[in-house]
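Asker: Next one to model:
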Amino acid sequence: MLTRAEKEKIVRELSEKLRKSQATFVADYRGITANSMVALRKRLREEDVEFRVVKNTLLRLAVRDTQYEALTDYLKGPVAIAMSFGEPSMAAKALTGFAEEEPNLKLMGGVLGGKSITVEDIKGLASLPTRDELVGKMMGILKNVPAGLVGVLAGIERKLLYLLTAIKEKKEKGG
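Answerer: You can find the predicted model right below:
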């Protein structure tokens, strides 16, 4: 049994971590083996996500009057929260991927940017390209724009050269 001071410390720590997180997801973890739980935590840690089993009453206290208050809608039965401190789409990818492999992990919902999101929203978030993929695409576009511009400018220069050559030849013929 936790003492009041220990509970207050847990609530304070949760509040601080929630403030730092980019997104938080809630999942029902009943039926997951200890080995699967260790594997899930390892996979999530690689994506800068903390997966933590929390008592509902303590989590309700931690989210009170914060942008994560919508999490209370999902606090039914034993739940765990996944707090993403990095890219939310990577956390969503890791969670949905693990939920496909481990049917006992049931995503319930979450909060992203202060707004409540459903399981379908989490799956949609997981299907988005990562930040690195988007940066790579943008760099490809930016690289091709100057090359195209150089081609256009070179074409203008070439046409001007053809025009001047034609004028010179016409004058030489006595035109």
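Asker: use CA for all of it now, contacts and neighbours both
Answerer: Noted.
Asker: ok, and the closest non-adjacent residue to residue 92?
Answerer: Nearest non-adjacent residue to residue 92, counting by Cα to Cα, 6 or more residues apart in numbering: residue 126, 4.8 Å away.
Asker: just residue 93 next, same as before
Answerer: Using Cα to Cα, 6+ apart and skipping residues adjacent in sequence, the residue nearest residue 93 is residue 126, 4.3 Å away.
Asker: just to revisit the earlier point, tell me how far the helix or strand where the residue nearest to residue 92 lies lies from the chain's centre.
Answerer: Assigned by DSSP states H and E, residue 126 belongs to helix 119-127. How far helix 119-127 lies from its chain's middle: 10 Å, per Cα atoms, centre = their mean, to the nearest Å.
Asker: who's in contact with the residue nearest to residue 93?
Answerer: By Cα atoms under 8 Å, 6 or more residues apart in numbering, the residues touching residue 126 are 89, 90, 91, 92, 93, 94, 96.
Asker: want to throw these into CSV with neighbour count and distance to residue 6?
Answerer: Putting the contacts of residue 126 into CSV (neighbours: other Cα atoms under 10 Å; distance: Cα to Cα, whole Å) gives the following:
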residue, neighbour count, distance to residue 6
89, 22, 33
90, 23, 32
91, 30, 29
92, 28, 31
93, 21, 33
94, 19, 31
96, 21, 33
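Asker: Now intersect the residues you listed with the helices, please.
Answerer: Per DSSP state H, helices hold the following members of the contacts of residue 126: 89, 90, 91, 92, 93, 94, 96.
Asker: any idea how far the nearest residue to residue 26 once chain neighbours are set aside is from residue 29?
Answerer: Residue nearest to residue 26 in three dimensions, not counting chain neighbours: residue 81, with 4.6 Å by Cα to Cα, 6+ apart. Distance of residue 81 to residue 29, given as Cα to Cα, to the nearest Å: 10 Å.
Asker: Common neighbours of the two, please.
Answerer: Here residue 81 and residue 29 have no joint contacts, going by Cα under 8 Å, 6+ apart.
Asker: To what extent is residue 74 buried, counted in neighbours?
Answerer: Neighbours of residue 74 under the rule other Cα atoms under 10 Å: 18.
Asker: and it, backbone torsions?
Answerer: According to degrees, to the nearest 10, the main-chain angles of residue 74 amount to phi -100, psi 0.
Asker: correct me, but it touches residue 111?
Answerer: No: counting by Cα atoms under 8 Å, residue 74 sits too far from residue 111 to count as a contact (10.5 Å).
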